[in-house]
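K.L.:
Mind folding the following:
(2 chains)
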Amino acid sequence: MKKSALQYWLRYYRAEIRAALLIQLQYRAAFVIWLLEMIIEPVVYLVVWSTVARARGGEVGGFSPEDFAAYFIVFMLVNHFTYSWTFYVFEERVRTGKLSFRLLRPLHPIHSDLAFNLTYKFLTLVVMLPTGIGLTLAFHPAFEFTAGQVLLAVPAVALAFGVRFVFEWAYALVAFWTTRIMALNEMYYVILLFLSGQVAPLSLFPDWVQTLSYVLPFRWMVAFPVELLLGHLDRGQIIAGFVAQAAWLGLSFLLLKWLWARGVRRYSAVGG
Amino acid sequence: MESDSAAIVHARDLTKVYRVPVRESGLGAAFRSLFRRKTRDILAVNRISFDIREGEIVGFLGPNGAGKTTTLKMLAGLLYPTSGTLKVLGYPPWKREKHFLRQITLVIGNRSQLVWDIPAADSFELQRAIYNIPRDQFRETVAELTELLDLAPLLRKPLRNLSLGERMKCEIAGALLHRPRLLFLDEPTLGLDVTMQRRIREFIKYYNQRYHATVLLSSHYMADVEALCDRILVIHHGQLLFDGELDELIERFSTYKTIEVQTRAPEGDLSRYGEVIERSDGYVSLRVPRKETAKVTERLLAELPIIDLTVEDPPVEEVVERIFAQGHAGPAPDEEAERAPGTAGGRGAS
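P.N.:
Predicted coordinates:
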């Protein structure tokens, strides 16, 4: 990338993040509600699974109550970092024609969404981190972080975010073809709930679900970095995981490019 | 039709057909539509041709659904034409190439492209980054726009706290920060009060002169068009009915003129001269067939104690309304031999 181009993007992202901060600071109440959802859900699973483990004499599928606590606390944080919501808002942009203005800017609209998403992540970290610490004190999780795991988790989380953000942005483009995408979004959410490891660690699922989770992108969006950080994976699994993430990132990009070209063509056939 | 080499907008036989789903009522029909969707083609713009030169202010006139917004959106690059040739600033607009997008702007009345939740000044900063506007030029432009549009008290308030008119001024300023060469203004004065409408009109005129920018404007308000446009394109049912100057439009499409007389005998019956449309304070307004104007004027002067007499064209609104009511190009019968309906009579054709 030429120096001037790099400068352009740096300046652009700085301005976009600044605007996003100004906007997001105005919606504190809404943010607290979204955050509560992001926090309460894993805590509920944690409590349920810990109870089940105790009732079963101390463990379920190799997970003790402390292992579950570790899994869901780390899951909550990783999920926060990779969370994306484009498909909840994209339909409105298409339906109301707001997308038109974005199309007339000399840059792809995905950039402003990325800036907005990243701003949200770092702004809400102020709440997420203390919550993680509070939960750690309350539930005594069995963490065993090595320096190597932490170092590897950083690119794994970044790639997980990349896969999720690009894949879900591409998924959101379905709105070009139908304006009733509530049901599709619900379906997506349910799939993600199970196959990203949100309801329970994927190793607790039947074999066929696990096999499915390896070939679909959802495991690589959250579960993989969580398992990596908790030391559940051996070297081969870690390498395979990174390869799968890179492959899904590439595939998602191609999917996005393909859908975007066709979607915008359709949008500009029917009018915004 | 010859092409105008200096034109920055060049449209030939531009056509847009929308394919829309047909939804019948009833549950059965809804189920059937799951499997086989019926569609129907709507011809929104039908083979229109025109050229626009740099620095012109051109008004698009037409009733709702006439095809003027569709045309503007094709020119701005938001819609791709079904057929025909279209070049804007030398680019096929629907490809939305960066160099093209940097030179244009679109303002849609009642729609906001600035961020709703933050002050306009902050949105302007974002625009600066998006369009990579040099800091000095940006400062200069903002200062100029602030003064011209009286934005100083507005820039620091969140956009959503502003009135419609105040917001529109900010929108226009935001849309011009990158100093576009070509402006698409779709109903920019929609819903604004008269003072604000005038303010915005004056500003558009100023911008056009200062930067030699080309302005394509659609409006329902004739006052906008009268005050601003050197040239108008009348579009109806997707067809270009007229392309030329406003005076020429009136010349061609008004079959009547209004003669206003002040006479010493205002109570007298003047209906033998023409249709009496108004009487007040010794003045009488008569509607007279255009071709007979000279003859009637002569008779009035010879037969009545006239103090004052003026001959006027009917208001533009009336002329345009008549064209739309007729729904076709319909020039007066005696002009039909000279100009076929639907052909462009103005600069575009020359």
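K.L.:
contacts, neighbours, all on C-alpha from now
P.N.:
Noted.
K.L.:
and stretch B:38-49, what's its mean pLDDT?
P.N.:
On average, the pLDDT along stretch B:38-49 is 89.
K.L.:
chain center to that stretch, what's the gap?
P.N.:
Centre-to-centre, stretch B:38-49 and its host chain are 21 Å apart (Cα atoms, centre = their mean, to the nearest Å).
K.L.:
Go ahead and name everything in contact with it.
P.N.:
Here stretch B:38-49 makes contact (Cα atoms under 8 Å, 6 or more residues apart in numbering or on different chains) with B:10-23, B:65-67, B:70-71, B:84, B:237-240, B:344, B:348.
K.L.:
With just CA atoms, put it into CSV.
P.N.:
What follows is stretch B:38-49, C-alpha atoms only, in CSV (Å, rounded to 0.1, in the frame of the first residue of the first chain):
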residue,chain,number,x,y,z
LYS,B,38,-46.0,-12.9,-11.0
THR,B,39,-44.3,-9.8,-12.2
ARG,B,40,-45.2,-6.9,-14.3
ASP,B,41,-43.0,-4.5,-16.1
ILE,B,42,-43.3,-0.8,-15.5
LEU,B,43,-41.8,1.6,-18.0
ALA,B,44,-40.6,4.4,-15.7
VAL,B,45,-38.4,6.3,-18.2
ASN,B,46,-39.0,5.9,-21.9
ARG,B,47,-36.2,6.6,-24.4
ILE,B,48,-35.3,10.1,-23.3
SER,B,49,-32.3,12.0,-24.7
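K.L.:
Buried residues in that stretch, which are they?
P.N.:
Using 16 or more other Cα atoms under 10 Å in any protein chain shown as the test for burial, stretch B:38-49 gives B:Leu43, B:Ala44, B:Val45, B:Asn46, B:Arg47, B:Ile48, B:Ser49.
K.L.:
Around A:Glu37, how many other residues sit close by?
P.N.:
Per other Cα atoms under 10 Å in any protein chain shown, the neighbour tally for A:Glu37 reads 12.
K.L.:
Make sure I have this right: it is in a strand.
P.N.:
No: judged by DSSP: H, G, I helix; E, B strand; the rest coil, A:Glu37 forms no part of a strand; its state is helix.
K.L.:
And it, how far from chain B?
P.N.:
24 Å (Cα to the nearest Cα, to the nearest Å).
K.L.:
Could you measure from that residue over to A:Ala30?
P.N.:
11 Å (Cα to Cα, to the nearest Å).
K.L.:
and what of A:Ile181?
P.N.:
Separation of A:Ile181 from A:Ala30 (Cα to Cα) stands at 23 Å.
K.L.:
just A:Phe72 next, same as before
P.N.:
Counting by Cα to Cα, the gap from A:Phe72 to A:Ala30 is 24 Å.
K.L.:
Mind checking what secondary structure residue 199 has?
P.N.:
By default, I'm working from chain A. Going by three-state DSSP: A:Val199 is coil.
K.L.:
Ok, A:Lys121 next?
P.N.:
A:Lys121 falls in the helix class when you classify it by three-state DSSP.
K.L.:
and it, what does it touch?
P.N.:
Neighbouring residues of A:Lys121 by Cα under 8 Å, 6+ apart: A:His80, A:Phe81.
K.L.:
Would you format the buried residues of stretch B:38-49 as CSV with distance to A:Gly62 included?
P.N.:
Shown next, in CSV, are these (distance: Cα to Cα, whole Å):
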residue, distance to A:Gly62
B:Leu43, 67
B:Ala44, 66
B:Val45, 68
B:Asn46, 71
B:Arg47, 72
B:Ile48, 73
B:Ser49, 75
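K.L.:
Name the nearest of the residues you listed relative to chain A.
P.N.:
Nearest to chain A among these, counting by Cα to the nearest Cα, is B:Ala44 at 10.9 Å.
K.L.:
if we can go back for a sec, and A:Phe72 and A:Ala30? which has more neighbours close in?
P.N.:
Just comparing A:Phe72 and A:Ala30: by other Cα under 10 Å the higher neighbour count belongs to A:Phe72, 30 against 11.
K.L.:
Let me know the distance separating the more buried one from A:Leu152.
P.N.:
Separation of A:Phe72 from A:Leu152 (Cα to Cα): 19 Å.
K.L.:
now swap in A:Leu249 and tell me
P.N.:
Using Cα to Cα, A:Leu249 is found at 18 Å from A:Leu152.
K.L.:
Can you pick out the residue with more neighbours from the two?
P.N.:
Taking A:Leu249 and A:Leu152 together and counting by other Cα under 10 Å, A:Leu249 has the greater number of neighbours (23 against 15).
K.L.:
Assumed the more buried one was part of a strand.
P.N.:
No: counting by three-state DSSP, A:Leu249 is not part of a strand but helix.
K.L.:
Who are the contact partners of the nearest residue to it once chain neighbours are set aside?
P.N.:
Take A:Leu249 and drop its neighbours on the chain: the residue closest to it by Cα to Cα, 6 or more residues apart in numbering or on different chains is A:Val163, 4.7 Å away. By Cα under 8 Å, 6+ apart, the contact set of A:Val163 is A:Pro217, A:Trp220, A:Met221, A:Gln245, A:Trp248, A:Leu249, A:Ser252.
K.L.:
Also B:Lys98?
P.N.:
By Cα under 8 Å, 6+ apart, B:Lys98 lies in contact with A:Pro106, A:Leu107.
K.L.:
can we see that at 6 Å?
P.N.:
For B:Lys98, the contacting residues are A:Pro106, by Cα atoms under 6 Å, 6 or more residues apart in numbering or on different chains.
K.L.:
how near is it to B:Asp308?
P.N.:
Taking Cα to Cα, one finds B:Lys98 at 61 Å from B:Asp308.
K.L.:
circling back to that earlier point, what's the most distant pair in the buried residues of stretch B:38-49?
P.N.:
Spatial extent of the buried residues of stretch B:38-49 (Cα to Cα) is set by the pair B:Leu43 and B:Ser49 at 15.6 Å.
K.L.:
and the residue of the stretch 101-250 of chain A found nearest chain B, what helix or strand is that in?
P.N.:
Minimum separation of the stretch 101-250 of chain A from chain B (Cα to the nearest Cα) falls at A:Pro106, amounting to 4.9 Å. Using DSSP states H and E, A:Pro106 sits within no helix or strand.
K.L.:
How many neighbouring residues does it have?
P.N.:
The number of residues packed near A:Pro106 is 17, by other Cα under 10 Å.
K.L.:
How about A:Phe101?
P.N.:
With other Cα under 10 Å as criterion, A:Phe101 counts 20.
K.L.:
do you know how far it is from A:Trp169?
P.N.:
Going from A:Phe101 to A:Trp169 by Cα to Cα gives 18 Å.
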